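[1] Dropping a prediction and its sequence here:
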Amino acid sequence: MKYSNVFPMNAPKGICFVVGLCSLASTLQADDDFEHPPISYQDSPSKDPVARLFERIRSGDESLVPDSNGNYLKSLLHALNIPESSQCLVFSKTSMQILHIGPRTPRAIYFNDSTYVGMVVGSPILELAAIDPQLGSVFYTLERDEKSFQIIRDRGQCLSCHATSRTERVPGVLVRSIYSDRSGRPRSGSSTYITDHRSPFVQRWGGWYVTGQHGTMRHLGNLFADDRDDPQKVDMEAGANCDQLPKTIAISSYLQNTSDIVALMVLEHQTRVHNLVTRANYESRQATYLDGSMNVALGRPSEFESESTQRRVASVGEALVGGLLFADEVELSSPVEGSSDFVQEFQTRGPVDAKGRSFYQLDLKRRMFRYPCSFLILSEHFEGLPEPVAHYVRNRFRDILAGKSKPPPGVRLSKSEMETIRIMLSEFKPGWLAEDPLHEAKSP
C-alpha cells in the first residue's frame, strides 16, 4: 500500500470535499491572510482525525481493508468512528465530480463530530474533511487503484470554494440548498441558500434527498424545478414526509436506504459551529500576533493588548457564543422523526451528567436539541481556542448562565434552562465557569 500526505503532481486536480455546493470558483489567492503567520494553513502539519489515522496506517497500527469490489468506504468509516446511519445524499451537480453525480447516483456524505467523508458512485476517490484544533477544516482525498490507495492532503484547490464568505472566510464546510432540474443541474436564475439551524425549513435541502417525517413543515428536498420560466415554482407536497429513497436509485451502491432528516439537521448545525470556532481561533491568533509585532516596534510591554485586538476578539467571541447557544434557531412547528438509527446512535455519544443529561440528547418537537447548548463545546476544536477568545467565551457563558448579563441577540434561554446548562457544563468541564477576578467579558 502507498500512503501520502503530499499532493502529487499527477494527482487529479480540482477534487474536493463538498457538503453543499462547490462551484467552479477561481483558485485560492496567494494573499489569503491565513496562509501567512501565525496561521500558515498550508505549511502547518495537521493533527486532525484523518492525519492521525494516516500516522496509524503508516506505523502499521491500523489498516484499511477493501470490500469485495475494492472499495474502502466501510473500512474508512469504521477507522474514523463514523456511523453509517449518518448517510445524507445530495443529487445536485454541485461538486467537481459532476459527471458521476445525479438523481440516480447521488453523492453520499457520512460524518461524526469532527470528520466528513464523501462517496460518489463510480469514482475511485473518497473525499474527506477533518477538523484540526488549530487549522479548522483540512481536506483530503483517498485515491485508489487496483493494488493500492493514497491519502492525500489538498494543496489549495478545495479552498477556492471552502474559504469564502460562505464559510466565515476560513477553511470550512457548508450545507447548501439549490433548485435543481431533473438531471441535477442548478436552475439558472433561482435562489440558493447556505442552511443551518437558523434557516426556515422552506429553504432547506434543495438538491438533497430527505427521508423521515416532519408533519406540516415543508422543505425543498426530493424535488425538481421543472418550470424553466419560474424555476422556484415547485410542488413541496411531493417531497414531504418520505420514509424511503426513490426506487430509481441503485440502493445496493449505498450503505443505507435513507438520507435521514435528523442527520441533515445535525449536519447543518455543526458545519456552522465548526466555522465559527475556526474563525474565532484565527482572528484571536492574528490579532495577538499583530500586537506582538507592534509591541516590539513601539517598545510596549510584551503582554500589552490593544483596543483593536480586544474588539476583534469580542466580535468573533460573541458570534461563537451565539452559535453555541443556538441564536435565531428556527422553532419547529411539527415534530420531526428520523428514518434510520442515527437518532439512537447520536444520542449515545458524549458524557452524561449525574442526572443522565447530555448535550447530544435531541428534542425534535419544538427545537432540535433538548438542552440548547451545542455538543461541540466539548470538542477538541473548541478546546484548541487560544486563550484571549477562550477567556472571552468562558466569561460570557458564566455571566449569561448566572443571569448577570444578557445573551447575544436571538438566544432564547429560560432561567431553568440556564441553570441546567450551567450544571451540565460544571460537570463536563470542571472549573471552566469559575470566577476570574482579573477580567470581565463585555459583549460588543
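    On my side now, so go ahead. Just so you know, these numbers come straight off a predicted model, no measurement behind them.
[2] Give me the pLDDT value at the closest residue to Leu376 other than its chain neighbours.
    Closest residue to Leu376 apart from its sequence neighbours, by CB to CB, 6 or more residues apart in numbering: Val273 at 4.8 Å. Glycine gets a C-beta too; all of them are placed from N, C-alpha and C. Reading off the confidence values, Val273 has pLDDT 98.
[3] Let me see the contact set for Val273.
    Listed by CB atoms under 8 Å, 6 or more residues apart in numbering, the contact partners of Val273 are Leu320, Gly323, Leu324, Ser374, Leu376.
[4] Now, those residues that are in helices?
    The helices, defined by DSSP state H, take in Leu320, Gly323, Leu324 from those.
[5] what about the last one, neighbour count?
    Spelled out, that is Leu324. Leu324 has 24 neighbours, counted by other CB atoms under 10 Å.
[6] now do the first one
    Taking other CB under 10 Å as the criterion, the count of residues near Leu320 is 28.
[7] so it makes contact with Arg394?
    No: counting by CB atoms under 8 Å, Leu320 stays clear of Arg394, with 11.1 Å between them.
[8] and the gap between Asn112 and Tyr193?
    The gap separating Asn112 from Tyr193 is 25 Å, by CB to CB, to the nearest Å.
[9] out of everything not next to it in sequence, what's closest to Asn241?
    Of all residues not flanking Asn241 in the chain, Gln213 sits nearest, at 5.2 Å (CB to CB, 6+ apart).
[10] for Glu345, same thing?
    Pro83 (4.9 Å).
[11] show me the contacts for that neighbour.
    Here Pro83 is in contact with Leu77, Tyr110, Asn112, Asp341, Phe342, Glu345, Phe346 (CB under 8 Å, 6+ apart).
[12] Relative to Glu387, how far out is it?
    Look at Pro83 and Glu387: by CB to CB, they are 34 Å apart.
[13] Could you do Ser302 as well?
    Per CB to CB, Ser302 is found 15 Å from Glu387.
[14] Which parts of the protein are strands?
    With DSSP state E applied, the chain shows strands at 88-90, 107-111, 115-119, 125-132, 136-144, 149-153, 176-177, 193-194, listed in chain order.
[15] Count the neighbours of Trp208 for me.
    The number of residues packed near Trp208 is 30, by other CB under 10 Å.
[16] and Gly239, how many neighbours?
    Close neighbours of Gly239, defined as other CB under 10 Å, add up to 20.
[17] on that earlier part again, go through the ones in helices among the contacts of Val273 and name the one nearest Arg176.
    For the ones in helices among the contacts of Val273, the closest approach to Arg176 (CB to CB) belongs to Gly323, at 18.1 Å.
[18] Setting aside sequence neighbours, what's the nearest residue to the closest one?
    Leu276 (4.4 Å).
[19] doesn't Leu325 make contact with the one you found?
    No: here Leu276 does not reach Leu325: they are 11.5 Å apart, not a contact under CB under 8 Å.
[20] from memory Gln150 sits against Tyr140, does it?
    No: counting by CB under 8 Å, Tyr140 is not a contact partner of Gln150; they are 9.8 Å apart.
[21] Those two: who's more crowded?
    Per other CB under 10 Å, whichever of Gln150 and Tyr140 has more neighbours is Tyr140, with 28 against 19.
[22] Report the contact partners of the closest residue in space to that one that isn't next to it in sequence.
    With sequence-adjacent residues excluded and distances taken as CB to CB, 6+ apart, Tyr140 is closest to Leu128, at 4.2 Å. Leu128 is in contact with Phe17, Val50, Thr115, Tyr116, Val117, Gly118, Phe139, Tyr140, Thr141, Leu142, Ile151, counting by CB under 8 Å, 6+ apart.
[23] What is the least confident helix or strand in the protein?
    Least confident helix or strand of the chain, by mean pLDDT, DSSP states H and E, is helix 159-162 with a mean of 87.
[24] Buried by neighbour count: which residues of it qualify?
    For helix 159-162, a neighbour-count test (16 or more other CB atoms under 10 Å) marks Leu159, Ser160, Cys161, His162 as buried.
[25] do stretch 321-337 as well
    Within stretch 321-337, the residues scored as buried using 16+ other CB under 10 Å are Val321, Gly322, Gly323, Leu324, Leu325, Phe326, Ala327, Glu329, Val330, Leu332, Val336, Glu337.
[26] could you flag which of the contacts of Leu128 are buried?
    With burial judged by 16+ other CB under 10 Å, the buried subset of the contacts of Leu128 is Phe17, Val50, Thr115, Tyr116, Val117, Gly118, Phe139, Tyr140, Thr141, Leu142, Ile151.
[27] and of these, the nearest to Pro231?
    Pro231 lies nearest to Gly118 out of the buried ones among the contacts of Leu128, by CB to CB, at 26.2 Å.
[28] got the end-to-end distance for stretch 381-393?
    One end of stretch 381-393 to the other measures 14 Å (CA to CA, to the nearest Å).
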